[in-house]
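*Asks:* with the input below, show me the fold.
(3 chains)
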Amino acid sequence: MVTASGTAPPVYGTLTVSGRHQVVAFAIMVVLLVAAPFVIYPLFLMKALCFALFACAFNLLIGYVGLLSFGHAVFLGSAGYTSAHAAKAWGWPPELAILGGTVTAGVLGIVIGALAIRSKGIYFANITLALAQMMYFFFLQAKFTGGEDGIQAVPRGVFLGLFDLRGVMTMYFVVLAIFLGGFLLLYRTIHSPFGQVLKAIREHEPRAVSLGYSAERYKLVAFVLSATLSGLAGGTKAIVFQLASLTDVHWTMSGEVVLMTLLGGLGTVFGPVVGAFIVISLENYLAQLGAWVTVVQGVIFVVCVLTFRRGVVGEVARLIRKPL
Amino acid sequence: MLKRIAIVLAALLALGPAAALAQISDGVIKIGVLNDQSSLYADLAGMGSVVAARMAVEDFGADKKGMKVEIVSADHQNKADVGSSIARQWYDVDKVDVIVDVPNSGVALAVNQITRDKGKALLVSGAATADLTGKACSPNTIHWTYDTWALANGTGNAIVKTGGDTWFFITADYAFGHALERDVEAVVIKNGGKVLGKVRHPLNTADFSSFLLQAQSSKAKIVGLANAGGDTTNSIKQAAEFGIVKGGQSLAGLLVFITDVHGLGLPTAQGLIFTETFYWDLNDKTRAFGKRFAERDKGIHPTMIHAGVYSAVTHYLKAVEALKSDDGTKVIAKMKEMPTDDPLFGKGTVRADGRKIHPAYLVEVKKPSESKAPWDYYKIRATIPADQAFRPLDQGDCPLVKK
Amino acid sequence: MTTVFGIPTQALFGQLLIGLINGSFYAMLSLGLSVIFGLLNIINFAHGAQYMMGAFAAYFLLQWAGLGYWWALVIAPIVVGLIGIVIERTMLKRLYALDHLYGLLLTFGLALVIQGLFRNQFGSSGLPFQIPPELTGGRNLGFMILPNYRAWVVVFSLVTCLATWYVIERTKLGAYLRAATENPSLVQAFGVNVPRMITLTYGFGVALAALAGVLAAPIYQVNPLMGADLIIVVFAVVVIGGMGSIAGSIITGFALGIVEGLTKVFYPEASNTVIFVIMALVLLVRPTGLFGRDR
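*Replies:* Purely as a prediction, here's the structure:
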């Protein structure tokens, strides 16, 4: 089982009481995100928000259930393709298109989860990786995805019949709303009785089972929830960038979300958000330097695994001695 | 905060009376060269296109005319999402006015759409798909150097007429490969030939053995390679390994550049027949350009894509000078109005659908014994006059063209 | 023209042969992965990058030292194996006490670094590497021309796989290795230097990857990303064969190459996914793989 600091569980207080500090952190985050588009290129921010949601969803699985899924990109990408196709070929309004993508990812989550959930540890990672790769080749061949070209010129449309998404700021605030919605849903899940059982399963599965909890069913539900919210991120991203491409289902994307979560802090609430923003900023900043982006990502991986396993937010949390 | 003040001030200034001469946005004409700089298309375009763009700006004499021109470049890695991101960032944030080159038809189509949405300008030299002047034609884009229809018309026609009437296609599985396969197939069938089979391969494939075997077992007289760059050279090298040509079939390179021939070497490439719209050794003017280019690009002689970038940027600057503005839609319209004239392609025109018109050449790769100097690779077999080289205006389904 | 199930025999045998050649690479690479996982319990995600380094080592030896293919077959694995040993000593060793997934993440990060550095320097289209003159030409088998070099690849990898299997399963050294996998402290108590064995084993697995890279250089073009997509397929092979089972990896590697070749003939669109479909099926029925043991 993977936890932030290795084999020993993190030495914080319990997570049952959502501390005031977490509310403060949340408030700070919201204020920053509302003010940001006026000074920073909104398209870049929207990309970071979509990936932050993706990373938060992924974190549910690895941070709180202890399962490393190495094929999570399949949920991001399949939702992206579905939303793009729905918006472009079927003319659905954006909210329905995104919903369609989310549902697709959820269904895929049920299928893959059912196949994978019986395994643990490395085997689980392997299965998710291979099943995701299978879906990658399906998307490569399927006519509607446009193969290497992807689905292009996806219309943005009018959200809920009220907000014309062609305006950059309107689009941004809709994306922000979606992100905050997903984030809060995950937060509630973690701090609920359901979340407690997940923690119990992660700490000592046989004991949880002996108490009468069906570990497999709980893990499956968490997996599907993680997949669905990843799909929400993917569908939104397709509408924002008006493009769905193979990059989003490729296994390197699965690696990226692991990187974001690891860097931000496994098993912390705000870690994935911070991690996503850092990684996207790095990519943007280093884009002119071409292949250096992958080198830097790899170095961050190595350093994090060797010496920085708690991640940015994890280290901050340790300093203030409160869970974040 | 400061940025907000700046935006408000700029808006106020813009409302003021138009400046006497320059409506050039920010006073700078910014040209963005977007292409593949690290993968299989890096040699035929890549940094060479940046060199060509610089030479065009210098030869135009922008400095002396008081026009400030800047050139930026980026690598789209053959990915539509990377190319789109760069294009958006360039247009929105970095104030780029025109994007040039963009090899890889998938990326070109995506950037085509974005350019249109934002009212900027796109001059495509590298990409091949004839859809850029067909279904996807746009008032903001000019397709410069060549396209899949011209290749099919030149190479396809020539090969079928000399007896190559059964074909098997090995196609790169994306927009370019599909377009090229489609256009060549149409030519083959129009001339009474048959297509015995097709197989698609991913972009940037290393091992063509199973595709070549399929081509072999189809017993088609011609194995048509609907791919480019590294894919084409790999196919040709491995075809030699598997004895395709020895077994009696012929290879048709449907899109080959002089850099590919250089990479393959004359012993392997000799006898290949294909269509290009530029060759550095055509006449004195092209030779002069070729030598100057080679000096600036490590001895590599220009491909038709490099020449196209030079020609397009030259004509663009002329149009901006005449119009005194770099508004994308207006400049493209002006470029269609003005006839073109440059040392590389001679005199030509730009059509309503965005198609640049100039002659094409059917070339054959020389035997090693016939080549007298490095890069002396081609014999010109035929010249296709400009009015026959490209798809007729009324056959393209371009919505901009009134029927 | 004779046909089998409607497919001309020429096409069928041709693709089977290509499949066998691909299978040779799968077998050699999964062998290395299996050896490393068997002893170290680490999924060496950097295996693809190490395969690529082997090919590049061959390229450099030719470019800079004028040493040809035959030298490369010996020198490249040693050089890359040494690099592997350095990696193990400096980085992997620290992770043994932790959950095994951290090893996966570390090697994944290393793969990114190595591939990124090479891509930066050399771009991502291939560098040419000639087939050694002794192995050029082909043999006309009637249904196709079999290039001599590709025949050599099959033979060489078969020999290497069998030799490795023999060493691990039938010699005393191999017995120590297998014992150390089961119970390292006990074996160490008997006086065997287990940490050194682990280091050397990792180096050996990496050297196997590099050897496959040298074999691949003349066919697949030396390219920084040549191992990137291959590694996932090799994982699937190892999982199907049974993680930690040497014989399983070898047999499955060759078998899956042939299955892939057959799929190319009958149902080409599925040829990329067939290995993963098989993997999903095997895992449903036998979670530890065809030849694996429960660990």
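
*Asks:* the helices in the chain, which residues?
*Replies:* Looking at chain A here, since you left the chain open. Counting by DSSP state H, the segments of chain A that form helices are A:20-35, A:42-59, A:73-88, A:94-116, A:121-141, A:168-190, A:193-203, A:205-210, A:215-241, A:251-264, A:271-286, A:292-307, A:311-320.

*Asks:* looking at chain C here, not the other one
*Replies:* Using DSSP H, the helices of chain C run over C:9-40, C:47-65, C:69-90, C:101-122, C:148-170, C:172-182, C:184-189, C:194-220, C:230-241, C:246-266, C:274-285.

*Asks:* tell me which of these sits most buried.
*Replies:* Using mean count of other CB atoms under 10 Å in any protein chain shown, the stretch among the helices of chain C with the largest mean neighbour count is helix C:230-241, at a mean of 27. In short, each C-beta sits where N, CA and C put it, glycine included.

*Asks:* is chain B contacted by it?
*Replies:* No. Contact between helix C:230-241 and chain B, assessed by CB under 8 Å from any CB of the partner chain, is absent, since the two come no nearer than 10.2 Å.

*Asks:* please apply the same query to stretch C:132-147.
*Replies:* Yes. Legend: contact between stretch C:132-147 and chain B by CB under 8 Å from any CB is shown at C:138, C:140, C:144, C:145, C:147.

*Asks:* now do that stretch: everything it contacts.
*Replies:* Stretch C:132-147 is touched from outside by B:213, B:216, B:241-243, B:246-247, C:9-10, C:13-14, C:17, C:68-70, C:131, C:148-149, C:151-152, C:218, with contacts defined as CB atoms under 8 Å, 6 or more residues apart in numbering or on different chains.

*Asks:* now with 7 Å, please.
*Replies:* With contacts defined as CB atoms under 7 Å, 6 or more residues apart in numbering or on different chains, stretch C:132-147 is touched by B:213, B:216, B:241-243, C:9-10, C:13-14, C:17, C:68-70, C:148-149, C:152.

*Asks:* who in chain C is up against chain B?
*Replies:* Taking CB under 7 Å from any CB of the partner chain as the measure of proximity, chain C contacts chain B at C:8, C:10-11, C:14-15, C:18, C:119, C:123-126, C:138, C:144-145, C:147, C:219-221, C:223, C:226, C:264.

*Asks:* pipe the residues of stretch C:132-147 next to chain B into CSV and attach pLDDT and neighbour count per row.
*Replies:* As requested, these are arranged in CSV below (pLDDT from 0 to 100; neighbours: other CB atoms under 10 Å in any protein chain shown):
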residue, pLDDT, neighbour count
C:138, 81, 17
C:140, 81, 11
C:144, 75, 24
C:145, 79, 20
C:147, 86, 24
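
*Asks:* need those residues in TSV (columns: distance to residue B:364).
*Replies:* Compiled in TSV, those are given as follows (distance: CB to CB, whole Å):
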residue	distance to residue B:364
C:138	27
C:140	30
C:144	29
C:145	26
C:147	28
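
*Asks:* center of the chain, which residue is that?
*Replies:* As the question left the chain open, I've gone with chain A. Relative to the mean C-alpha position of chain A, the nearest C-alpha, by CA atoms, centre = their mean, is the one of residue A:54, at 1.8 Å.

*Asks:* my question was about chain B, not that one.
*Replies:* residue B:126 (2.5 Å).

*Asks:* got any ranges where the stretch 51-200 of chain B has weak pLDDT?
*Replies:* Scanning the stretch 51-200 of chain B for pLDDT under 70 picks out nothing.

*Asks:* which single residue of it approaches chain C most closely?
*Replies:* residue B:199 (7.2 Å; CB to the nearest CB).

*Asks:* which bits of the stretch 1-150 of chain A sit near chain C?
*Replies:* Counting by CB under 7 Å from any CB, the stretch 1-150 of chain A comes close to chain C at A:1-2, A:6-7, A:68, A:115, A:118-119, A:121-123, A:125-127, A:129-131, A:133-134, A:137-138, A:141.

*Asks:* let's see it at 8 Å
*Replies:* Within the stretch 1-150 of chain A, the residues that sit near chain C (CB under 8 Å from any CB) are A:1-3, A:6-7, A:68, A:70, A:115, A:118-119, A:121-123, A:125-127, A:129-131, A:133-134, A:137-138, A:140-141.

*Asks:* restrict those to contacts with chain B.
*Replies:* Residues shared between those and the neighbourhood of chain B are residue A:140 [CB under 8 Å from any CB].

*Asks:* which among the residues of the stretch 1-150 of chain A next to chain C count as buried?
*Replies:* With burial judged by 16 or more other CB atoms under 10 Å in any protein chain shown, the buried subset of the residues of the stretch 1-150 of chain A next to chain C is A:1-3, A:68, A:70, A:119, A:121-123, A:125-127, A:129-131, A:133-134, A:137-138, A:140-141.

*Asks:* buried residues, the top helix by length along chain B. List them.
*Replies:* Looking across chain B with DSSP H, the single longest helix is helix B:304-323. If you call a residue buried by 16+ other CB under 10 Å, then helix B:304-323 has these buried ones: B:304-320, B:323.

*Asks:* now the helices of chain C in CSV, with mean pLDDT?
*Replies:* Listed next are those as CSV, based on pLDDT from 0 to 100:
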stretch, mean pLDDT
helix C:9-40, 86
helix C:47-65, 93
helix C:69-90, 93
helix C:101-122, 90
helix C:148-170, 91
helix C:172-182, 81
helix C:184-189, 82
helix C:194-220, 91
helix C:230-241, 88
helix C:246-266, 89
helix C:274-285, 85
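
*Asks:* let's have those helices in a markdown table, adding distance to residue A:254.
*Replies:* Rendered in a markdown table, the data for the helices of chain C read as follows (distance: least, CB to CB, whole Å):
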| stretch | distance to residue A:254 |
| --- | --- |
| helix C:9-40 | 19 |
| helix C:47-65 | 15 |
| helix C:69-90 | 23 |
| helix C:101-122 | 10 |
| helix C:148-170 | 30 |
| helix C:172-182 | 29 |
| helix C:184-189 | 32 |
| helix C:194-220 | 22 |
| helix C:230-241 | 10 |
| helix C:246-266 | 23 |
| helix C:274-285 | 14 |
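
*Asks:* look at residue B:11 and report its pLDDT.
*Replies:* The pLDDT attached to residue B:11 in the predicted structure is 46.

*Asks:* nope, residue C:125 is what I was after
*Replies:* You'll see residue C:125 listed with a pLDDT of 70.

*Asks:* next one: residue A:14
*Replies:* At residue A:14 the predicted local distance difference test score is 38.

*Asks:* that older thread, does the longest helix of chain B come close to chain C?
*Replies:* No. Using CB under 8 Å from any CB, helix B:304-323 never reaches chain C; the gap is at least 15.9 Å.

*Asks:* just name whatever secondary elements that helix is in contact with.
*Replies:* The helices and strands touching helix B:304-323, judged by 3 or more CB pairs under 8 Å, 6 or more residues apart in numbering or on different chains; DSSP states H and E, are strand B:29-35, helix B:46-60, strand B:98-101, strand B:121-124, helix B:284-296, helix B:328-337, strand B:340-342.

*Asks:* send me the second one as CSV with only the CA atoms.
*Replies:* What follows is the C-alpha trace of helix B:46-60 in CSV, where atoms were taken according to Å, rounded to 0.1, in the frame of the first residue of the first chain:
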residue,chain,number,x,y,z
GLY,B,46,12.6,22.4,-39.5
MET,B,47,15.1,25.0,-38.9
GLY,B,48,15.7,25.4,-42.6
SER,B,49,12.3,27.1,-42.9
VAL,B,50,13.4,29.6,-40.3
VAL,B,51,16.5,30.3,-42.4
ALA,B,52,14.4,30.7,-45.5
ALA,B,53,12.1,33.1,-43.7
ARG,B,54,15.0,35.2,-42.5
MET,B,55,16.5,35.3,-46.0
ALA,B,56,13.1,36.5,-47.3
VAL,B,57,12.9,39.3,-44.8
GLU,B,58,16.5,40.4,-45.5
ASP,B,59,16.1,40.2,-49.3
PHE,B,60,12.9,42.2,-49.0
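
*Asks:* buried ones in it, by neighbour count?
*Replies:* Going by neighbour count (16+ other CB under 10 Å), the buried part of helix B:46-60 is B:46-57, B:59-60.
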